[in-house]
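Visitor: how would this look folded up:
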Amino acid sequence: MSRYECRQCGACCCNAPENRAEGFTEYIEVDARAPLWKKPELVRRLVVYSEEGEAHLRLHPDGRCLALRGRVGTKVNCTIYDDRPTPCRTVESGSALCRRYRLARGLRV
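Guide: Numbers count the residues shown, from 1 in each chain. Next comes the predicted model:
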């Protein structure tokens, strides 16, 4: 198993504390090509719009994506993995971005 196992982590699915501290409450933008748009029930449950009208994935009050199940850093599961938007697909396990998200959540890098 990789040192950076996504199914044990989930840190990239969480709005970073520095974003929240600066008042950024939107996190993952839902791009126009996201497969999610083809499932109206998921859109109703998971998509919110910013004041500017941009679509984002809804966040749990603790800052993690509402589609993420489990405990960050222990065991997680993305409930929309096949339908997730492009930004979710760009983080690679072990990359600098992955390590930055892990560090922000207090996980070992």
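Visitor: could you point out the helix or strand that follows the helix or strand of the chain with the lowest mean pLDDT?
Guide: In the chain, the helix or strand scored least confidently by mean pLDDT, DSSP states H and E is helix 17-21, which has a mean of 79. Proceeding C-terminally, helix 17-21 gives way to helix 40-46 as the next helix or strand, assigned by DSSP states H and E.
Visitor: so what does the helix or strand that that next one is followed by touch, helix or strand wise?
Guide: Downstream of helix 40-46, the next assigned helix or strand under DSSP H and E is strand 47-49. Counting by 3 or more Cβ pairs under 8 Å, 6 or more residues apart in numbering; DSSP states H and E, the packing neighbours recorded for strand 47-49 are strand 55-57. In this view, the C-beta of every residue, glycine as well, is placed from N, C-alpha and C.
Visitor: for the strand it packs on, enumerate the helices and strands it packs against.
Guide: strand 47-49.
Visitor: can you give me the distance of the most centrally placed residue in the chain to residue 53?
Guide: The centroid of the chain falls nearest to residue 13 when counting by Cα atoms, centre = their mean (2.5 Å). Taking Cβ to Cβ, to the nearest Å as the measure, residue 13 falls 23 Å from residue 53.
Visitor: again, but for residue 18
Guide: Separation of residue 18 from residue 53 (Cβ to Cβ): 25 Å.
Visitor: the two: who's more crowded?
Guide: residue 18 (9 against 6; other Cβ atoms under 10 Å).
Visitor: my read is that that one contacts residue 104, right?
Guide: Yes. Contact status for residue 18 versus residue 104: in contact at 7.2 Å, counting by Cβ atoms under 8 Å.
Visitor: how far away is residue 45 from residue 67?
Guide: Per Cβ to Cβ, residue 45 is found 9 Å from residue 67.
Visitor: ugh, wrong one, residue 23
Guide: Look at residue 23 and residue 67: by Cβ to Cβ, they are 23 Å apart.
Visitor: show me which of these two is the more surrounded one.
Guide: Counting neighbours by other Cβ under 10 Å for residue 23 and for residue 67 shows that residue 67 has the greater number, 23 against 6.
Visitor: backbone phi and psi for that one, please?
Guide: Backbone geometry at residue 67, expressed as degrees, to the nearest 10, gives phi -80, psi -10.
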